[in-house]
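**Student:** Pasted the sequence and its predicted model underneath.
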Protein chains: 2
Amino acid sequence: MLLVWHLLRSTLAARFNKPDSEIVDHYTYVILGDGCQMEGISNEASSLAAHWGLGKLIAFYDDNHISIDGDTEIAFTEDVDKRFEGLGWHVIWVKNGNTGYDEIRAAIKEAKAVKDKPTLIKVTTTIGYGSPNKSNSYSVHGSALGAKEVDATRQNLGWPFEPFHVPEDVKQHWSRHTSAGAAFEAEWNTKFAEYEKKYSEEAAEFKSIMSGELPSGWEKALPTYTPESPADATRNLSQQNLNALAKVLPGFLGGSADLASSNMTLLKMFGDFQKDTPEERNIRFGVREHGMGAICNGIALHSPGLIPYCATFFVFTDYMRAAIRISALSEAGVIYVMTHDSIGLGEDGPTHQPIEHLASFRAMPNVLMLRPADGNETAGAYKVAVLNKKRPSILALSRQKLSQLPGTSIEGVEKGGYIISDNSSGNKPDVILMGTGSELEIAAKAAEELRKEGKAVRVVSFVSWELFDEQSDAYKESVLPTAVTARVSIEAGSTFGWQKLIGSKGKAIGIDRFGASAPAGKIYKEFGITAEAVIAAAKEVS
Amino acid sequence: MLLVWHLLRSTLAARFNKPDSEIVDHYTYVILGDGCQMEGISNEASSLAAHWGLGKLIAFYDDNHISIDGDTEIAFTEDVDKRFEGLGWHVIWVKNGNTGYDEIRAAIKEAKAVKDKPTLIKVTTTIGYGSPNKSNSYSVHGSALGAKEVDATRQNLGWPFEPFHVPEDVKQHWSRHTSAGAAFEAEWNTKFAEYEKKYSEEAAEFKSIMSGELPSGWEKALPTYTPESPADATRNLSQQNLNALAKVLPGFLGGSADLASSNMTLLKMFGDFQKDTPEERNIRFGVREHGMGAICNGIALHSPGLIPYCATFFVFTDYMRAAIRISALSEAGVIYVMTHDSIGLGEDGPTHQPIEHLASFRAMPNVLMLRPADGNETAGAYKVAVLNKKRPSILALSRQKLSQLPGTSIEGVEKGGYIISDNSSGNKPDVILMGTGSELEIAAKAAEELRKEGKAVRVVSFVSWELFDEQSDAYKESVLPTAVTARVSIEAGSTFGWQKLIGSKGKAIGIDRFGASAPAGKIYKEFGITAEAVIAAAKEVS
């Protein structure tokens, strides 16, 4: 049901083709059915494809009038051609999609001639064509024909051969493509060899995008901070990282779903990726979160050196959750830049305040859920996100300003959970305080107070549970000693799942209801997300 | 950003209006902006609105060309009018939406005259109209004007009054509506009193829909089962409940997103809700999960006696998660019938197999996540769902057949977690086995084996964690005694969150990776979701 266009062809062609050498010249073909046309995401992606003028995108719409529940008459009676013309596509109708091969060939030729618009080729077909008793019905949509009907179909189509037998003439017909393909490849290799001689710098960059090899020392571009660095929102610190990375990573690009100035995602040295400027790297997705995620999956899977990021408010991951799951399942290393990550966003209120979202992604397989606390942890989160090409990373970032904390580090983030301060000895603190993101500084403040009262207190940042899970048992024991059951967690989100880290005797401070509209400071106090609450809980458990 | 149409007007009008008395005659007005138009869900809902021929639906599209990131030229250049014509709407363009009051009035009149289609009135406006320095820019989209610009705007518009002062002539102009409204209400009351005399049965039903009072004894319609009842999939048992409830609840209606025959959601005594048969109760949503959820929110919030259900595969809640969160936040008692709830669905493979979904909804506030194990628990889940009008219920149901278990009950489900079998005494079992849904029978089997070996074993069904959380401490202690730390859970989904119930010393059996394509029996064995695994874990912890 997902429909993904590769805007990448367009941007790669613009960046690497030369007047005398077109090394990027492929078309992207899409096949979609009635079900795809009903899903909202396909309209989002199709609207963008036309906006960007993707002339080398050709979509075949299998117009067979059958979906799982029967004839599409029961739920889908719109004029698809007209809708696509409204979206800005060139539309062609092939009336006989069952056997009209010449019509299909002519349609492809026409589509290629239209250079400033994507083309939809509506191909009217009969589902289960050839099956005498089941064609044109929902019974061939989700089930196999069955042995009897397969026999009847073979007879009906005049196909006398045994199962899996390929007649010689058919084999020969298809085999032509082996040599033709080899010739095309050799031709391109020669072209690229010449290109490499003339344009060595561009060729090196192109090869790094195709291979995925990161430029050596790229991670030195990541900014670092000291406790004296000014307090800042992690969304702003994120923008410093995005801009630093775009300078050193040729395949780094992305944008926001109409929230660039809130998500802080603009790359300052680049312009907008648009129809007339496809070489630029700031992508304007519009208010289309689901389409945005799907497009970034397409980018990530196009070439290993392409590293797409996309952004919206963390709560709106609900709109694009299906795309994020596809990232995880397809091992697409998309970077999800999700700002306004808690009730700390303030006045926008509960429609905009994530509660359950951290838990919901920690439960999703093959996702790195990262919630950095300050500048060093934000840089660490980006290091992890760039390196993890086989799984998506979600960065939950604050709208509000946060202090730069002593003890945080990029190396710490790479371990997922690590000690940022400790006045205990022999791995036996009186109590362990743990937090993530904007609440880590609250845990640190509570620790200071408790230490004044003579307590041995350890503070642990749990920036990524998944990375911590992957550490050795010895490391885990060094951070969370089994013997220490006095544990308190603080996170401005659902407490669901924290029992894993705090154990049966620990206390989890969080929010298990919807938020409210008020300034961040006031709402934190109202919901009890405070150093005082941590101190009281610590005394209760230790 | 959500766009919800009330198909309800259409169905209520068809069911209750009489040739001599039209008691349902209201229009539904929608206001939407450029951002709404970009979101896929609006296309889903708009396609359905036209398919159903909702002639009394009138949508104003505030065409102001500005979204948060600036001019919509950067991401949204489609021809919206043409798209809506393609969808089957009547489209009117009001060119001067700032001051063209007569044009707007004329457009509403025209829209009302078109009886077989919904109407989109595109109203071209200037955002921040009247503000001399900020109108027509993104700076009035998300921020207040500020005192200085408010002054400038007042001056520019020739508005000499103090803040919050309403001039007498304006007050008089608006006050007319008080008496006019009262007259309309009195007129309708008279009409309804006559209707009630002539059509007492229909009037009673109409009043029950408007008031939300359930017919007395409705819950007796719920089917019950004994261990001798045939094994069946909970999706099939769900259909028995849906059909039983539709007979006794006049406001019960719903459907599926093109999976009615897989979700088992058809009401056998009703036909399809369609343009020409709006009195029927089977809604065909097409492959539009997000729109389906939003429409059901509209139905639930329309009148307290309307109880909508909607269905798809559990994994596709990812497509409609934003709508489900709106149900929870808006206290809309939608019933989400989610079948194919685990790897047990078999061959469709990981794209269709939910893993993290149970955990992700258990973490969402104000949602009842129910996973019934057999017939009695499915009936219990429906009882809970119908009674909980202020929160949505999600029913996770199996594709595969399950045994009818001894010890399950409707009353048990109402407590969320309860003992289905126990051979211990003094609230001191050697081990507590817990499970939900399709894995409860695995826990029961493991218990039988362990008891043969002389163990005192308790089996607990955790059909709804939220309901269990709401029980008294004494009840919770009677089910999960603090002193018994030997606990094993089994659920064919993420183990995330189970630590809350099994404690630090328990074992959670589940799946923390994506699934695989194979028949249910084989895949359960492969992933270790077996009675043998429960027995081994029980021995390890006890």
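**Tutor:** On my side now, so go ahead.
**Student:** How many residues are close by residue A:20?
**Tutor:** The number of residues packed around residue A:20, counting by other CB atoms under 10 Å in any protein chain shown, is 9. Where C-beta positions appear, they are placed from N, C-alpha and C, glycine not excepted.
**Student:** In contact with it, which residues?
**Tutor:** residue A:198 (CB atoms under 8 Å, 6 or more residues apart in numbering or on different chains).
**Student:** what does residue A:421 give?
**Tutor:** Taking CB under 8 Å, 6+ apart, we find residue A:421 in contact with A:406-407, A:444, A:447, A:458-459.
**Student:** Now the residue of chain A found nearest chain B: closest residue in space that isn't a chain neighbour?
**Tutor:** Taking CB to the nearest CB as the measure, chain A has residue A:40 as its residue closest to chain B, at 2.2 Å. Spatially, and ignoring its direct neighbours in sequence, residue A:40 is nearest to residue B:40 (2.2 Å; CB to CB, 6 or more residues apart in numbering or on different chains).
**Student:** I'd assumed residue A:37 was in contact with the one you found.
**Tutor:** No. Counting by CB atoms under 8 Å, residue B:40 does not reach residue A:37; the two are 11.6 Å apart.
**Student:** Can you say which of the contacts of residue A:421 are also within reach of chain B?
**Tutor:** Filtering those for proximity to chain B by CB under 8 Å from any CB of the partner chain leaves nothing.
**Student:** related to what we said a few turns ago, from residue B:294, how far off is the residue of chain A closest to chain B?
**Tutor:** As for residue A:40, its distance to residue B:294 is 10 Å (criterion: CB to CB, to the nearest Å).
**Student:** shared neighbours, these two?
**Tutor:** residue B:41.
**Student:** what's the average pLDDT for the helix or strand encompassing residue A:186?
**Tutor:** Assigned by DSSP states H and E, residue A:186 belongs to helix A:168-198. Mean pLDDT, helix A:168-198: 95.
**Student:** From the contact counts, what lies against the following helix or strand past that helix?
**Tutor:** Later in the chain than helix A:168-198, the nearest helix or strand by DSSP H and E is helix A:200-211. Secondary-structure packing of helix A:200-211 (3 or more CB pairs under 8 Å, 6 or more residues apart in numbering or on different chains; DSSP states H and E): helix A:8-16, helix A:168-198.
**Student:** what would the contacts of residue A:421 look like in JSON lines with distance to residue B:158 and neighbour count?
**Tutor:** Formatted as JSON lines, the contacts of residue A:421 follow (distance: CB to CB, whole Å; neighbours: other CB atoms under 10 Å in any protein chain shown):
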{"residue": "A:406", "distance to residue B:158": "59", "neighbour count": "12"}
{"residue": "A:407", "distance to residue B:158": "61", "neighbour count": "17"}
{"residue": "A:444", "distance to residue B:158": "56", "neighbour count": "24"}
{"residue": "A:447", "distance to residue B:158": "61", "neighbour count": "26"}
{"residue": "A:458", "distance to residue B:158": "66", "neighbour count": "24"}
{"residue": "A:459", "distance to residue B:158": "61", "neighbour count": "26"}
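**Student:** JSON lines please, covering the residues you listed and showing pLDDT and secondary structure.
**Tutor:** Shown next, in JSON lines, are those (pLDDT from 0 to 100; DSSP: H, G, I helix; E, B strand; the rest coil):
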{"residue": "A:406", "pLDDT": "98", "secondary structure": "coil"}
{"residue": "A:407", "pLDDT": "98", "secondary structure": "coil"}
{"residue": "A:444", "pLDDT": "98", "secondary structure": "helix"}
{"residue": "A:447", "pLDDT": "98", "secondary structure": "helix"}
{"residue": "A:458", "pLDDT": "98", "secondary structure": "strand"}
{"residue": "A:459", "pLDDT": "98", "secondary structure": "strand"}
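**Student:** Grab the two from those residues that are most spread out in space.
**Tutor:** A:406 and A:458 (14.0 Å; CB to CB).
**Student:** ok, then the element right after the helix or strand in which residue A:107 is found?
**Tutor:** Counting by DSSP H and E, the element that carries residue A:107 is helix A:101-113. Following helix A:101-113 in sequence order, the next helix or strand is strand A:119-124 (DSSP H and E).
**Student:** Keeping just the C-alphas, turn that following strand into CSV.
**Tutor:** C-alpha atoms of strand A:119-124 as CSV (Å, rounded to 0.1, in the frame of the first residue of the first chain):
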residue,chain,number,x,y,z
THR,A,119,2.8,10.3,-15.7
LEU,A,120,0.0,8.0,-14.5
ILE,A,121,-0.8,5.2,-17.0
LYS,A,122,-4.2,3.9,-16.0
VAL,A,123,-4.2,0.3,-17.3
THR,A,124,-7.7,-1.2,-17.2
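**Student:** any bit of it sitting next to chain B?
**Tutor:** No. Using CB under 8 Å from any CB, we find that strand A:119-124 stays clear of chain B, coming within 12.0 Å at best.
**Student:** so that strand versus helix A:101-113, what angle?
**Tutor:** Compare the direction of strand A:119-124 with that of helix A:101-113 by axes from the mean of the first three to the mean of the last three CA atoms, to 10 degrees and you get 160 degrees.
**Student:** Give me the sheet partners of strand A:119-124 and which way each runs.
**Tutor:** Sheet pairing of strand A:119-124 (DSSP bridges) gives strand A:57-63 (parallel), strand A:90-94 (parallel).
**Student:** Select, out of those, the one closest to residue A:77.
**Tutor:** Proximity to residue A:77 (CB to CB) singles out strand A:57-63 among the strands paired with strand A:119-124, at 12.9 Å.
**Student:** average model confidence for the closest one?
**Tutor:** Across strand A:57-63, the average pLDDT comes to 97.
**Student:** low-scoring stretches of the stretch 1-150 of chain A, by residue?
**Tutor:** A:1-8 (pLDDT under 70).
**Student:** Hmm, residue A:297 is touching residue A:323, no?
**Tutor:** Yes. Counting by CB under 8 Å, residue A:323 is a contact partner of residue A:297 at 6.3 Å.
**Student:** Compare neighbour counts for the two and give me the winner.
**Tutor:** For the pair residue A:297 and residue A:323, the greater number of neighbours falls to residue A:323 (28 against 24), based on other CB under 10 Å.
**Student:** Helix or strand: which one has the nearest residue in space to the more buried one that is not next to it in sequence?
**Tutor:** Computed as CB to CB, 6+ apart, the closest residue to residue A:323 that is not its neighbour in sequence is residue A:293, at 2.7 Å. Element membership for residue A:293, per DSSP H and E: helix A:289-302.
**Student:** I'd like to know which elements that helix is packed against.
**Tutor:** Applying 3+ CB pairs under 8 Å, 6+ apart, we find helix A:289-302 packed against helix A:8-16, helix A:40-51, strand A:252-256, strand A:307-313, helix A:321-329.
**Student:** Now that helix - C-alpha only, CSV.
**Tutor:** The C-alpha trace of helix A:289-302 is given here as CSV (Å, rounded to 0.1, in the frame of the first residue of the first chain):
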residue,chain,number,x,y,z
GLU,A,289,4.1,13.4,7.5
HIS,A,290,3.2,9.9,6.2
GLY,A,291,4.4,10.7,2.6
MET,A,292,7.6,12.3,4.1
GLY,A,293,8.5,9.2,6.0
ALA,A,294,7.9,7.0,2.9
ILE,A,295,9.9,9.3,0.7
CYS,A,296,12.8,9.1,3.2
ASN,A,297,12.6,5.3,3.1
GLY,A,298,13.0,5.5,-0.6
ILE,A,299,16.0,7.8,-0.3
ALA,A,300,17.7,5.7,2.3
LEU,A,301,17.2,2.5,0.3
HIS,A,302,18.2,4.1,-3.0
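**Student:** so how far is that helix off the chain centroid?
**Tutor:** Counting by CA atoms, centre = their mean, to the nearest Å, helix A:289-302 is centred 6 Å from the centre of its parent chain.
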